[in-house]
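Undergrad: please work out how this folds:
(chains A and B)
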Amino acid sequence: MSTLQEKASEEESLDFEWGCRLGKGGLNKDVNFYKSFKFDGVEYFLNDCVYFWREEARELDIGKLVKMWETASHKRKVKTVWFLRPNDIKQWLGDVKPLENEIFLASGEGVGVSNINPPESICGKCKVVCTSDDRRNMQVSEEELNIADHTFFRRFDVDNYTISDKFTDLIAGQQVENFFNKKIDQKLKKLHVKADLNQESRKVGIPARAVRDNDSNSTASVMQLEKAASLAKKDHFIEKNTALKPKTIPKIVGTDSLPAKRKVRYLEDLHHANESDNSSYKKRLPLKNAVASGSKEDPANSVSLLPNLPDHMKSLLKSKHHYTDKRGPYRGELNNKEAKANLDSRGDPSEHQKGLRTLCQTTEVFRRPNVVKESSKWFKQKSWKERLERAHETNCLILLENLDPSYTSEDVEDIIWHAFQENVSATMVQHNKFCSRHNGRALVIFKSKDVADSVLSELNNRCLMLDDHRPVVARRRNLRHPEDPPNFFGHLYIDRPKYQKQRDAQNAVSTSHYAQQNTAEYELALHWWTLQRKSTLVWDALHKQQAKEMEVHVSQLKTHNTN
Amino acid sequence: MNMRTMACGMTVVTLHEMVHHETMENEMPRVQRRKQVLLALVPLFSFIAMELSDEEQYAAFKDKVKRTVYFDNLTPQATDAVMKTALDQFGNVLSVQFIPNYIGPSKMPAAALVEMETEKQAMKIIEETEDFPFMISGMPRPVRAFPAEIEMYEDRPRKPGRTIQCQWLEEKDPDFAVAQQIKDLVKYQATEASFMLKQQLAEEERLHNKHGETLKANAKKLDLIEKVLTDGSARKLGTCYNIRLQEN
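TA: Sure, this is the predicted structure:
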C-alpha cells in the first residue's frame, strides 16, 4: 500500500515545482518555507485564494493559502484559512440572508478555521474580493466586483457560531490585512496602467476570462489587466465583458487541447486512487476540464438547485459530480424533479385534474444527498436542547405527528427534503411509557420562520400521505419552559434536623434501596404502586381505544384497501 | 595445544551459534513485522465490513435494546452517577441515557435508559422491581422498570431495507376527506393523551400531598411522645395511673 502511495506521489511530483524560497524553519531547521509553487502549470503564491477538492463534498472548498512548506521527509504542505460557503454554516445563518456569491471568512479558535493540506488537492485559483467597509480594507472597483468569483464582508466565528462584520486583528494567526484587498495592488496597478495603455487596444480583444483561465498569471495581474482595459475603454467594457462571457468558454473547448489530456490524467488518478484507497492525497479535479465538459452538457439538472453560483462554478460542480460520484445517478435530483412537478401543477387548477393521476402516484423517499449533511458536520453541533430552544424562540420549530414510530430522525429529514426541498434538522420525540405506540412524533427545525410557516400551511391545507395511511399532521408546539423548575411529586423530605439525623444514621434517605416491609415508607410506596398500576392500565386502555378508532378511519381509505 | 584447539573449537562453535542466532533474530522481526502489518490491516477490513452491513449494525443495536432497562417515575435530580450506583448491585452498568422531555409538562417525572452488560441482568432488574418497591434517590415513590423499546432511542439506526412511501393528496382525491379526518383524529387523540397525563399528574400531586400530611402527623406524634418521655411527664402520669414505666 505504501509503495503505491509513493508511486502516486512520485508521479504527482512531475508537475510540481517550488518557487521562491522564504527560509528554513521547524525544530531542526529542516523545513523549507516557500513563497510560491507551480503545480499543474499554475503558479500559486502566498495569499492566493484557491479551490480545494474534498471527497464527497458537493461544492469545492475555498481557502486562502497562508503558508507553504516542505517537511524534512519531502512532504509538501499548505496551510489554508477557509472561507465558508453559506451551505457550510446553514444551521447558524438564522435570519442572515447571504448575498449572491457571498462567502464567510472563518475566524476564532477551533475546528474549521484552518487546515494543513497537501497542495495536490488544490484544483484551481479563484478570485475572492473583500467588500467590507473596514478602514483597513481597500475598496475595489465595480469591474473587479464583476469578475470576482466570490465576495465576503462578514466572518463566521467558529467558537460561538455567530456571524459578524467586524474583523479582529488576527485571524488564524495571520494579520487581518492579508485577507483584505491589498493596497499594494493599487500602486502596482497604476504603474501597469501606464505601461499597458498603448497595448490596451490589443489586449481588450482578448477576453479577460480567457486570460484568467490561462492560469499562469497571478490574480493580481488579471486585476491589472482588467483595470487597464477598463480605463481605456470604460464605456465599452461592460458591454463587451458581458458579451464575451458566454463566448469564452466554448473557445477554450475549441482551441485548447488540454482538457482531453487532463481527462485521461484524471482517469489515471482515479485508477490509482482505487488501488490505494487510503492514499492521503485527495484526488483533484482539473478546473479547465470541468469548464469544458460542463459547457458541453445540458446544465439543467443539479445546477438548477444552486441558483446562487456563478456559471462556471455550476458547470464545475456538475462535472465534478459527473466524474466522481461512483454511487450512481444523483437520486436527489430525480426526487426534486418529481416534487417540483407536483408543486408547479398545484398552482394551476386547470392542469390540476389532468395531473391528478400522476400526482397520486406514490414516490419513494430516497436519502437526501449525503453532501448536505456532510457540510453540517464541519462544526460541533450545539446540544439539541439549545437548538430547540432557539428554534422555538424564532418560530422555526414544528412538531410533526402521526409518523410511523419506527422512523429515524434522518428518515424525517429525508421526507422533508423530498417533499419540500428544505434542509432541516429533525429529531424523533423519544418514546416513554405514556406515548402511544402508534403515533410517532418528530420535532423539526427549519432554517427560518417563513419556511416553517409555508411548510405548516402546506401540510395543513394539503395532505402529505406517508406509507399509504399516515397523513402528516404539523403543528407549532410550545416547548417545556426551560426555566420551569422540574418539580417532582412523591419524594418527601422532613426538615426536622433531629429526625433526619436519625435517618442519616441508618443511611437510607438518599441511597437506592428496596423498601422493607416493616417501614413506614413501604406502606406509602404501596400507595404509589397502586397508582402506577392503575396508570399503566388506563394508558393501555386509552392507546388500545385510540388504535381502534384510527383503524376504523384508515380502513375507509381507498388506496389503502386496494393495496 | 590440544586445549587451545579445543578452546578454538569452542569459540568457533559459539561464534557460529551467535551468527546463527543473529540471523534468527534478524529473521524473526521480519516475520513479526509482516504479521504486524497484517494485524494492522485486520481492523481496517473489519471496519469496512462494519460499515457495509446495515443489518449487522441494526442487529447490534437490537441486542443493546434487549440489554437495556427503561426506568421512569424518576426524580429529575437523579443523575448518571446516581443511576449507576443504584443499579450496580445487579451487574455492570454500561451506560445511562436520560430521555429528554422537550414537550411534555414540566411536572413529568424523568425517564432513563440503562444499558446493562447482559440481557439476564436487565431481566432481573425488571422482575425484582415488579416484586419490591425500589427507590432511587428518595422516598417513598418507587421507580418503574420496563424492557426498553426501539422507539425510546433518539439515535436508533435505520431499519435495513425499509423504504418510505410518500405522496401528496389533492383535494379532488377520494381519500382526501378521510385523510383530513385522520388528521383531526390525531389531534384529538393527542389532546386526549395530554388530558390524561394532566389527570395523572394531578392524582400524583394529591397522593404526594396526602403522604406529606400523614408524614407530618406522624412526625408530630413521634415528637409528642419523645417530649413526654424526656420531660418526665410520662413518669408523672404513670404514677398517677399506677402504671409502672420501664426506664431505659
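Undergrad: contacts and neighbour counts: CA atoms only from here.
TA: Fine.
Undergrad: A:D159 belongs to a strand?
TA: No: assigned with DSSP: H, G, I helix; E, B strand; the rest coil, A:D159 falls outside any strand and is coil.
Undergrad: my guess is it meets A:E109, correct?
TA: Yes: the pair A:D159 / A:E109 is scored as a contact, 6.2 Å apart, by CA atoms under 8 Å.
Undergrad: show me where pLDDT drops low in chain B?
TA: B:1-52, B:246-248 (pLDDT under 70).
Undergrad: okay, strands next: where are they in it?
TA: Listed in chain order, the strands of chain B (DSSP state E) span B:68-74, B:93-99, B:110-116, B:134-135, B:144-147, B:164-169.
Undergrad: ok now the longest helix belonging to chain B, how far from the chain's centre?
TA: Across chain B, the longest stretch assigned as helix under DSSP state H is helix B:176-230. Here helix B:176-230 is found 26 Å from its chain centre; the criterion is CA atoms, centre = their mean, to the nearest Å.
Undergrad: now for that helix, which elements pack on it?
TA: With contacts taken as 3 or more CA pairs under 8 Å, 6 or more residues apart in numbering or on different chains; DSSP states H and E, helix B:176-230 sits against strand A:397-403, strand A:463-466, strand A:470-471, strand A:473-475, helix A:520-555.
Undergrad: follow-up on the earlier one: now tabulate the strands of chain B in TSV and tack on mean neighbour count and distance to chain A.
TA: As requested, those are exported to TSV (neighbours: other CA atoms under 10 Å in any protein chain shown; distance: least, CA to the nearest CA, whole Å):
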stretch	mean neighbour count	distance to chain A
strand B:68-74	24	8
strand B:93-99	17	7
strand B:110-116	24	7
strand B:134-135	25	4
strand B:144-147	20	8
strand B:164-169	21	4
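Undergrad: nearest to A:D414, out of those?
TA: When the strands of chain B are compared by CA to CA, strand B:164-169 sits nearest A:D414, at 9.6 Å.
Undergrad: got the angle for that closest one vs helix B:176-230?
TA: 120 degrees (axes from the mean of the first three to the mean of the last three CA atoms, to 10 degrees).
Undergrad: what's strand B:164-169 packed up against?
TA: Going by 3+ CA pairs under 8 Å, 6+ apart, strand B:164-169 lies up against helix A:356-359, strand A:363-365, strand A:463-466.
Undergrad: again, 7 Å this time
TA: Packing contacts for strand B:164-169, counted by 3 or more CA pairs under 7 Å, 6 or more residues apart in numbering or on different chains; DSSP states H and E, involve strand A:363-365, strand A:463-466.
Undergrad: now the longest one: mean pLDDT?
TA: What that stands for is strand A:463-466. The pLDDT scores in strand A:463-466 average 86.
Undergrad: kindly report the same for the first one.
TA: Per-residue confidence for strand A:363-365 averages out to 67 on the pLDDT scale.
Undergrad: how long is stretch B:96-109 end to end?
TA: The straight-line separation of the ends of stretch B:96-109 (CA to CA, to the nearest Å) is 16 Å.
Undergrad: can you check stretch B:165-178 too?
TA: Using CA to CA, first and last residues of stretch B:165-178 are 18 Å apart.
Undergrad: ok now it, how far from the chain's centre?
TA: 43 Å.
Undergrad: would you indicate which residues of stretch A:79-96 are buried?
TA: A:79-94 (16 or more other CA atoms under 10 Å in any protein chain shown).
Undergrad: give me the contacts around it.
TA: Stretch A:79-96 has contacts (CA atoms under 7 Å, 6 or more residues apart in numbering or on different chains) with A:62-68, A:98, A:103-106, A:113-117, A:161-162, A:375-376, A:447-448.
Undergrad: one more pass at 6 Å, please.
TA: Stretch A:79-96 has contacts (CA atoms under 6 Å, 6 or more residues apart in numbering or on different chains) with A:62-67, A:103-106, A:113-116, A:375-376.
Undergrad: between the residues you listed, which is nearest chain B?
TA: A:S376 (17.2 Å; CA to the nearest CA).
Undergrad: give me the neighbour count for B:K220.
TA: Residues lying near B:K220 (other CA atoms under 10 Å in any protein chain shown) number 12.
Undergrad: how about the contacts made by it?
TA: So B:K220 contacts nothing (CA under 6 Å, 6+ apart).
Undergrad: show me what stretch A:45-59 is in contact with.
TA: If you take CA under 6 Å, 6+ apart as the criterion, stretch A:45-59 is touched by A:35-36, A:60-66, A:121-126, A:284, A:371.
Undergrad: and stretch B:79-97, by the same measure?
TA: By CA under 6 Å, 6+ apart, the list of residues contacting stretch B:79-97 reads A:512, B:112-117.
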